[in-house]
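Quick one: sequence and predicted model below, then my questions.
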Amino acid sequence: MRQFKYKEPRKHSGELRTAVTFYEYEDNPGPYPGERAKSTLFECWAAVDQVWLRDMEQAKANGTLSDLTITIRDPGEDYRPKNKHYVQVHEPEYEHLRYNIRTAQPNLKDRRFIDIVAEVVTG
């Protein structure tokens, strides 16, 4: 008889259904504070996950309730996400929010993807 072994579900490109844009911002010229969009660095499709329900209490305590986990296909040398870049998620629920990249790391289970944790900057 064949032994049952659990296989963890893997992400695949069919789950990348949300358009995202990566920006770079610069300070406003002159004496007024603030930033303005400098350039669009990269546009792609992504899988966007919010804080899981089981982690809700811990997220409230840490102040990370509005953080997103964004999974994109590894663009190779075309683009490398950095913590100085911003992300815009093109969905009606997130269109008015701008996210700053907190961390970007390769997905260790599947090297074809990059996992990005982003925190909300404006709302």
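Structure's in. What do you need?

Three-state assignment for the residue most central in space within the chain, please.
The chain has I70 as the residue nearest its centroid, 3.2 Å off, counting by Cα atoms, centre = their mean. Secondary structure assignment for I70 (DSSP: H, G, I helix; E, B strand; the rest coil): strand.

same deal with G14?
Assignment for G14 (three-state DSSP): helix.

Count residues in the vicinity of it, would you?
Neighbours of G14 under the rule other Cβ atoms under 10 Å: 7. Heads up, the C-betas are built off the backbone N, CA and C, glycines and all.

For it, give me the pLDDT.
With respect to pLDDT, G14 scores 79.

what about the helix or strand bottoming out on mean pLDDT in the chain, distance to the chain center?
Ranking every helix and strand in the chain by mean pLDDT, DSSP states H and E puts helix 56-62 at the bottom, with a mean of 72. Its chain's C-alpha centre and that of helix 56-62 lie 19 Å apart, by Cα atoms, centre = their mean, to the nearest Å.

wait, doesn't A47 sit right on R73?
No: A47 lies out of contact with R73 (Cβ atoms under 8 Å); the separation is 9.8 Å.

Looking at the two now, which is surrounded by more residues?
A47 (20 against 15).

Now for the more buried one: which residues touch it?
K11, E15, L16, R17, T18, I70, T71 (Cβ atoms under 8 Å, 6 or more residues apart in numbering).

which of those lies closest to R80?
Among those, I70 lies closest to R80 (Cβ to Cβ), at 14.5 Å.
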